[in-house]
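Chemist: no sequence on this one, just coordinates:
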């Protein structure tokens, strides 16, 4: 009975008809996405043999999120999120198809990869805020944390399966088939969005177009400490710790002297750990600054272990732990922000979350790539671990600040009560 109750709690949001369709459609699409990400990094490595160039491509792919992501949040608050997602997911499929044709015809160049990375980044700048804030409209506040955690699990099932398939396909047929499969996979998520039952969605009221809405979003976050500090922590960790696309190809090729299959195994190991972490978070995970701080601390510890691992078996185990804590940190931060945000501001706040997570990569990607090139891949991982420890320190100071503020407020209330009621005595 306890097992059944636990399973029901872990997968509670799948009882929602619309979310269940979306979950399986998005899982199919994400397997293709991770195949493309793995193949793209390996393609750049084979074209240039440079960690810096890998980091540059990742930066180009995420630079539009940094520059346009906040405005993407404004758009998400103004429009029908489901319809916008249908259009943008379809455009992502077209981008993958173009990359597939160039690769399969053996005419792809490094410049082509860079241009298509920018195109994908422009799409992500508007799609990500809509997708993140649409979650509440599908499942409501009761199942939000569970749905966000299952989304992370879904992403990391894809991270485990996608790179493993990509490693085999790259070794056997080349990178182009990974891009082609990804292009086709977008059909699944677009179809799931088109066949949803609109009567059980709870869309937020679109915000009327007005001047200053972008600035309003920034002011709202700055005035809300429960949103501001998790975003700062996410930005720091997102900039330096989540650069595995840059470091792991070099770990596979230069630290362990392997090929694309070894790279796929390393990515899959992290994905397996992340799946377990996502399921754990869906069932038992918490929200709030304390939970985020704990996750950041353990994330840093396990990245340190991965940076120091002497053998590939230990490295795979360490990366599984990295995957576990990475998805816990992401899910807890995402859920905390959504639950603490006013519905009319959710698109803009989640756009800032996307900027903190993905938009900081144009800074972190080249920086970690340069550090890796100048030193080694272990040092690149070590810098990411250090960012997690700093973020955990920020979280700890934030918790102390909240406690001190609560104590002052309580003391003030007691003093005012005593002053206003002469009958109150020791």
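Modeler: Done, it's in. No experiment lies behind these values; they were computed from the predicted model shown.

Chemist: residue 386: how many residues sit nearby?
Modeler: Residue 386 has 16 neighbours, counted by other C-beta atoms under 10 Å. Bear in mind the C-beta positions are built from the backbone N, C-alpha and C, glycine included.

Chemist: for it, list the residues it contacts.
Modeler: With contact taken as C-beta atoms under 8 Å, 6 or more residues apart in numbering, residue 386 is in contact with 240, 300.

Chemist: and residue 198, how many neighbours?
Modeler: Neighbours of residue 198 (other C-beta under 10 Å): 9.

Chemist: look up how far residue 80 lies from it.
Modeler: Separation of residue 198 from residue 80 (C-beta to C-beta, to the nearest Å): 10 Å.

Chemist: residue 36 now?
Modeler: In terms of C-beta to C-beta, residue 36 sits 28 Å off from residue 80.

Chemist: who's more crowded, the two?
Modeler: Set residue 36 next to residue 80 and count neighbours by other C-beta under 10 Å: residue 36 wins out with 27 against 16.

Chemist: the stretch 201-350 of the chain: helices as residue ranges?
Modeler: 213-222, 225-240, 244-250, 260-284, 289-308, 312-340, 346-354 (DSSP state H, counting those that start in this stretch).

Chemist: for residue 390, which of these is the nearest?
Modeler: Smallest distance to residue 390 across those (C-beta to C-beta): 6.1 Å, for helix 225-240.

Chemist: tell me how far that closest one is from the chain's mean position?
Modeler: Mean-position distance between helix 225-240 and its chain equals 13 Å (C-alpha atoms, centre = their mean, to the nearest Å).

Chemist: still on that earlier bit, make TSV from the helices of the stretch 201-350 of the chain and add mean neighbour count and mean pLDDT to it.
Modeler: Putting the helices of the stretch 201-350 of the chain into TSV (neighbours: other C-beta atoms under 10 Å; pLDDT from 0 to 100) gives the following:
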stretch	mean neighbour count	mean pLDDT
helix 213-222	15	89
helix 225-240	22	92
helix 244-250	27	85
helix 260-284	23	81
helix 289-308	23	94
helix 312-340	24	89
helix 346-354	28	85
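
Chemist: can I get these in a markdown table with distance to residue 50?
Modeler: Shown next, in a markdown table, are these (distance: least, C-beta to C-beta, whole Å):
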| stretch | distance to residue 50 |
| --- | --- |
| helix 213-222 | 36 |
| helix 225-240 | 20 |
| helix 244-250 | 10 |
| helix 260-284 | 16 |
| helix 289-308 | 21 |
| helix 312-340 | 22 |
| helix 346-354 | 28 |
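
Chemist: please name whichever of these is nearest to residue 57.
Modeler: Short answer: helix 244-250, nearest of the helices of the stretch 201-350 of the chain by C-beta to C-beta, at 8.7 Å.

Chemist: picking that back up, and the helices of the stretch 201-350 of the chain: which comes nearest residue 363?
Modeler: Taking the helices of the stretch 201-350 of the chain one by one with C-beta to C-beta, helix 225-240 is closest: 5.6 Å.

Chemist: who are the contact partners of the nearest residue to residue 309 once chain neighbours are set aside?
Modeler: Distance criterion C-beta to C-beta, 6 or more residues apart in numbering; nearest residue to residue 309, sequence neighbours excluded, is residue 315 at 4.1 Å. Residues near residue 315 by C-beta under 8 Å, 6+ apart: 251, 256, 266, 269, 306, 309.

Chemist: mind listing what residue 308 touches?
Modeler: Applying C-beta under 8 Å, 6+ apart to residue 308 gives the contacts residue 378.

Chemist: relative to residue 377, how far out is it?
Modeler: The gap separating residue 308 from residue 377 is 12 Å, by C-beta to C-beta.

Chemist: and what of residue 330?
Modeler: For residue 330 relative to residue 377 (C-beta to C-beta), the value is 23 Å.

Chemist: what's the answer for residue 72, then?
Modeler: Distance of residue 72 to residue 377, given as C-beta to C-beta: 33 Å.

Chemist: looking at these two, which one has more neighbours?
Modeler: Neighbours were counted for residue 72 and for residue 377 using other C-beta under 10 Å; residue 72 has more, 28 against 25.

Chemist: surely that one and residue 126 touch.
Modeler: Yes. Look at residue 72 against residue 126 with C-beta atoms under 8 Å: they come within range, at 4.2 Å.

Chemist: list phi and psi for residue 80.
Modeler: For residue 80, the backbone dihedrals (degrees, to the nearest 10) come out as phi -70, psi 110.

Chemist: ok, now which ones touch it?
Modeler: For residue 80, counting by C-beta under 8 Å, 6+ apart, the contacting residues are 203, 206.

Chemist: then residue 273?
Modeler: By C-beta under 8 Å, 6+ apart, the residues touching residue 273 are 156, 319, 320, 321, 322, 323, 324.

Chemist: in the residues you listed, find the pair that's most separated.
Modeler: Between any two of these, the greatest separation by C-beta to C-beta is 13.1 Å, found for 156 and 321.

Chemist: gap between the closest residue to residue 139 other than its chain neighbours and residue 180?
Modeler: Computed as C-beta to C-beta, 6+ apart, the closest residue to residue 139 that is not its neighbour in sequence is residue 147, at 4.6 Å. In this view, residue 147 and residue 180 are 31 Å apart by C-beta to C-beta.

Chemist: residues near residue 341, how many?
Modeler: 22.

Chemist: can you pull the pLDDT of it?
Modeler: Predicted confidence (pLDDT) for residue 341: 85.

Chemist: now it, nearest residue through space, not along the chain?
Modeler: Leaving aside its sequence neighbours, residue 341 sits nearest to residue 349 (C-beta to C-beta, 6+ apart; 4.5 Å).

Chemist: who's in contact with the closest residue to residue 384 other than its chain neighbours?
Modeler: What sits nearest to residue 384 in space, not counting adjacent residues and going by C-beta to C-beta, 6+ apart, is residue 241, at 3.7 Å. The contact partners of residue 241, taken as C-beta under 8 Å, 6+ apart, are 299, 300, 303, 326, 384, 385, 387, 388.

Chemist: now with 7 Å, please.
Modeler: Residue 241 sits next to 299, 303, 384, 387, 388 when contact means C-beta atoms under 7 Å, 6 or more residues apart in numbering.

Chemist: got the angle for whatever helix or strand the residue nearest to residue 139 lives in vs helix 260-284?
Modeler: Residue 147 is located in helix 144-172, with elements delineated by DSSP states H and E. Helix 144-172 runs at 170 degrees relative to helix 260-284, counting by axes from the mean of the first three to the mean of the last three C-alpha atoms, to 10 degrees.
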